[in-house]
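Engineer: Please work out how this folds:
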Amino acid sequence: MGIAGGTASGKTTVCEEIFKNVRVGTQYKECCMIPLDCFYKECTDAQMADIGNVNFDHPQIFDWDLLKQTLNDLREGKDVLLPDYDYKTCKRKEPGLLRKWAPLVLFEGIFALLDNEINTKFLDFKIFVLTDDDVRLARRIKRDIVERGRKVEGVLKSFHKYVKPAHIEFVRPTMKYADLIVPRGRPMESERNKIAIDFIV
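Structural biologist: Numbers count the residues shown, from 1 in each chain. I've put the predicted structure just below:
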């Protein structure tokens, strides 16, 4: 299952709600979550020296070959080791994150529906989480300051320079591939969202 949407749209929350609920009342007692964010490429020394100008919202910043190999291994029933990406150092930590094979795999990220090969070869069901731009910006500011040690000025600069253009060019167009569109991304904020989550589960 692929779950896409703009930055801070609520993709991870939707994913966690699905994960929590399918483990309670369905045949899929075991499922695993695969975040696209684990597959960021490590920043070079040159990039670290100019980190404010690194575009973390462009498809080229991700390791697509490793991602596809990981999804393929899961498709074949194998356990996988995900990169453990550190947002503060922009490096991968050892030894990585073990994910045991499960009959249900939840793959989420802003570009989860971008790649045609992933869409057609690995995803049986595709979801797009749709949230207003102003709501996403507010959530991103809070998240990046609290969880990633960023400054508000830097978050705003990055949003307008990289995040918003990438959303328009790469993310929003993938909504057309979705089998289901989920509003807002947080069940506690929208009754329609809760209906969508219940339907998916």
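Engineer: Tell me the spacing between the nearest residue in space to E147 that is not next to it in sequence and F107.
Structural biologist: Excluding its sequence neighbours, the residue lying closest to E147 (Cβ to Cβ, 6 or more residues apart in numbering) is Y87, at 7.6 Å. Yep, even glycine has a C-beta here, placed from its N, CA and C like the rest. Distance, Y87 to F107, using Cβ to Cβ, to the nearest Å: 20 Å.
Engineer: who has more neighbours, those two?
Structural biologist: The neighbour count for Y87 versus F107, taken as other Cβ atoms under 10 Å, is higher for F107 (24 against 14).
Engineer: for the protein, which spans come out with low pLDDT?
Structural biologist: For the chain, applying pLDDT under 70 flags the ranges 24-29, 148-149, 185-192.
Engineer: Show me where it has its helices.
Structural biologist: With DSSP state H as the criterion, the chain has helices at 11-25, 45-49, 64-75, 116-121, 133-148, 152-158, 164-166, 191-200.
Engineer: The longest strand anywhere in the chain: how far from the chain's middle?
Structural biologist: Assignment by DSSP state E gives strand 91-99 as the longest strand of the chain. Centroid separation for strand 91-99 versus its chain: 17 Å, with Cα atoms, centre = their mean, to the nearest Å.
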